[in-house]
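**Q** Coordinates only, no sequence provided:
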């Protein structure tokens, strides 16, 4: 199978590490672009994101990445992996930056962890949630293949997603609350953590993405 | 479940080579930064910090090139610091592949840079480096102040107050180095580490003075640090990162093993 992957670049942050990690696990060609043709020519698509949601959404819409994503997800039905703010952008609405409307691909909210966020035992939890946390798969999915429950992945975020439909939750983490580490629906998989920064576990997940046919079985 | 505490090997890089001195003198060559970063990545380091200690403008291109090479091969977070003075410097390092950029002296001369950088690039990638020395007499209540120029130049700024201010301005993390301890192998300066970790709600990395694995554990258990940074104990093969993590886990510290 050829492994031509497009990483959607809407100008927010450095995407080289995602591209390097995909190449490292066997992608034959990784294109970092927002040009429609480059994305439509790829077998699979990565939708990353870093930075504030308002600037991200503005850039996504200005460059037409919202329509491209719709085409890739719903018409071409290619495997898509959304990462971090890329995942948050898929929800209906985010509390960040005073409230921003998002893509509404997955109905639900993006919520702040809150000031004075705490564990059950009263331990103060710092926000952003930054570092290596354990991820528990919530259901079987081909992208979890070879990854043990409670394997640690690298997270860095201050907001977390709360989908309306619990059935789309593919994995969870605990940080004073049970948060969504990953969502899955059809040919879409999304992670709050950064697989490209999560060493062996992250590379395994990216390799699984390259091998994935976009179905859940 | 809590986050794992992090071990961060630090590469002090001068003109493209990893070096490590004792109290910033007696510099000893430890090798090629890309090779060393790759080794730490394989050994299970949780992050890597790259500090450009020459930081002269002529060497900047070498640094950018080295950061690009490391970022291509290392799949854990990478922090880059040294000579970062402007939003453009930060952008250059992020584009080269850094996940976080550490601001030190520039934050003292221009605190708004921290605020502007956090607004532009997000707090998660803005680390403020704080170099401190104890200025009080041994019998007096401990007081620590910021120093610049490798610990030679006092600023009169009190450490805890400064840490609180940096957090309020939008720093996502603090890298606290004791200039009294750096390179001595006597262990972290735990008093100021604890004072700062208690005062701020952002992660604190303890740095300066690690000579044994027990020192790393003490940084977390006594200092309250979220991450511990060390250079020479790893560079010369004395300890492996994996060995350090196993040691800390044995003491009941949550680690990514």
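**A** Alright, I've got the coordinates. These numbers come from a predicted model, not from an experiment. Numbering: from 1, shown residues only, chains lettered A, B, ... in the order given.
**Q** The residue nearest to residue B:97 when sequence neighbours are not counted sits in which helix or strand?
**A** Excluding the flanking residues, the one nearest residue B:97 by C-beta to C-beta, 6 or more residues apart in numbering or on different chains is residue B:71, at 2.4 Å. The way it works is simple: take the backbone N, C-alpha and C, and place the C-beta from them, glycine included. Assigned by DSSP states H and E, residue B:71 falls within helix B:60-73.
**Q** and the helix or strand following that helix, which strands flank it?
**A** For helix B:60-73, the following helix or strand on the C-terminal side (DSSP H and E) is strand B:78-81. Strand pairing for strand B:78-81, determined by DSSP bridges: strand B:48-52 (parallel), strand B:100-103 (parallel).
**Q** Count residues in the vicinity of residue A:123, would you?
**A** 9 (other C-beta atoms under 10 Å in any protein chain shown).
**Q** Quick check: phi and psi on it?
**A** phi -60, psi 130 (degrees, to the nearest 10).
**Q** Might you report the residue contacts of the nearest residue to residue A:213 once chain neighbours are set aside?
**A** Nearest residue to residue A:213, sequence neighbours excluded (C-beta to C-beta, 6+ apart): residue A:79, at 7.2 Å. By C-beta atoms under 8 Å, 6 or more residues apart in numbering or on different chains, the contact list for residue A:79 reads A:43, A:44, A:45, A:187, A:189, A:209, A:212, A:213, A:214.
**Q** Repeat that for residue B:194.
**A** The contact partners of residue B:194, by C-beta under 8 Å, 6+ apart, come to B:222, B:223, B:224.
**Q** And for residue A:53?
**A** A:85, A:88, A:89, A:94, A:96, A:97, A:100, A:102, A:110, A:159.
**Q** now, which of these lie within helices?
**A** A:85, A:88, A:89 (DSSP state H).
**Q** quick one: which of these is nearest residue B:232?
**A** Ranked by distance to residue B:232 (C-beta to C-beta), the ones in helices among the contacts of residue A:53 are led by residue A:85 at 37.4 Å.
**Q** Please identify the buried residues of stretch A:91-107?
**A** Residues of stretch A:91-107 classed as buried: A:91, A:92, A:93, A:94, A:96, A:100, A:102, A:103, A:105, A:106 (neighbour count, 16 or more other C-beta atoms under 10 Å in any protein chain shown).
**Q** Which strand residues bridge the fourth one?
**A** Note on residue A:94: beta-bridge partners residue A:100, residue A:110, judged by DSSP bridges.
**Q** And it, how close does it get to residue A:49?
**A** 11 Å (C-beta to C-beta, to the nearest Å).
**Q** what residues are shared contacts of those two?
**A** Counting by C-beta under 8 Å, 6+ apart, the residues touching both residue A:94 and residue A:49 are residue A:88.
**Q** And the helices in chain A?
**A** Going by DSSP H, chain A shows helices at A:16-24, A:36-40, A:53-62, A:65-70, A:85-89, A:199-211.
**Q** Can you tell me what sits against the first one?
**A** When contacts are taken as C-beta under 8 Å, 6+ apart, the neighbours of helix A:16-24 outside the stretch itself are A:5, A:7, A:30, A:32, A:46, A:48, A:83, A:195-197, A:202-203, A:206, A:210, B:68, B:71-73, B:75, B:97, B:99.
**Q** What subset of those is buried?
**A** A:5, A:7, A:30, A:32, A:46, A:48, A:83, A:195-197, A:202-203, A:206, A:210, B:68, B:71-72, B:75, B:97, B:99.
**Q** Could you show which parts of chain A are in contact with chain B?
**A** A:13-14, A:16-17, A:20-21, A:24, A:50-52, A:119, A:123-134, A:152, A:154, A:156-158, A:173-175, A:196-199, A:202-203 (C-beta under 8 Å from any C-beta of the partner chain).
**Q** check contacts around residue 98.
**A** Assuming you mean chain A. residue A:54.
**Q** The chain in question should be chain B.
**A** Contacts of residue B:98 (C-beta under 8 Å, 6+ apart): A:14, B:50, B:67, B:71, B:78, B:79, B:80, B:125.
**Q** Same list (those residues) but as a markdown table, adding pLDDT.
**A** Putting these into a markdown table (pLDDT from 0 to 100) gives the following:
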| residue | pLDDT |
| --- | --- |
| A:14 | 71 |
| B:50 | 95 |
| B:67 | 93 |
| B:71 | 93 |
| B:78 | 96 |
| B:79 | 97 |
| B:80 | 96 |
| B:125 | 91 |
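**Q** which stretches of the chain have low pLDDT?
**A** Reading this off chain A. A:1-2, A:13, A:116, A:217 (pLDDT under 70).
**Q** my bad, chain B
**A** Using pLDDT under 70, the flagged stretches of chain B are B:1, B:21-28, B:55-59.
**Q** can you pull the contacts of the most centrally placed residue in chain A?
**A** Chain A has residue A:83 as the residue nearest its centroid, 2.3 Å off, counting by C-alpha atoms, centre = their mean. Residue A:83 makes contact with A:18, A:46, A:47, A:48, A:49, A:190, A:191, A:194, A:195, A:196, according to C-beta under 8 Å, 6+ apart.
**Q** Tell me what it is bridged to.
**A** With DSSP bridges as the rule, residue A:83 is bridged to residue A:191.
**Q** measure it to chain B for me?
**A** Residue A:83 sits 13 Å away from chain B, going by C-beta to the nearest C-beta, to the nearest Å.
**Q** State the distance from that residue to residue B:64.
**A** 25 Å.
**Q** repeat for residue B:173
**A** 22 Å.
**Q** Please apply the same query to residue B:74.
**A** 16 Å.
**Q** Please say which of the two ends up with more neighbours.
**A** Between residue B:74 and residue B:64, counted using other C-beta under 10 Å, the more crowded position is residue B:74 (23 against 18).
**Q** For the stretch 51-200 of chain B, which residues are neighbours of chain A?
**A** Counting by C-beta under 8 Å from any C-beta, the stretch 51-200 of chain B sits next to chain A at B:68, B:71-73, B:75-77, B:94-99, B:121-125, B:172-173.
**Q** quick one: contacts for the spatially most distant residue from the centre of chain B?
**A** Distance from the centre of chain B peaks at residue B:139, with 29.2 Å (C-alpha atoms, centre = their mean). If you count contacts by C-beta under 8 Å, 6+ apart, residue B:139 has none.
**Q** Quick one: classify it as helix, strand or coil.
**A** coil (DSSP: H, G, I helix; E, B strand; the rest coil).
**Q** for residue B:156, same thing?
**A** Quick answer, by three-state DSSP: residue B:156 is strand.
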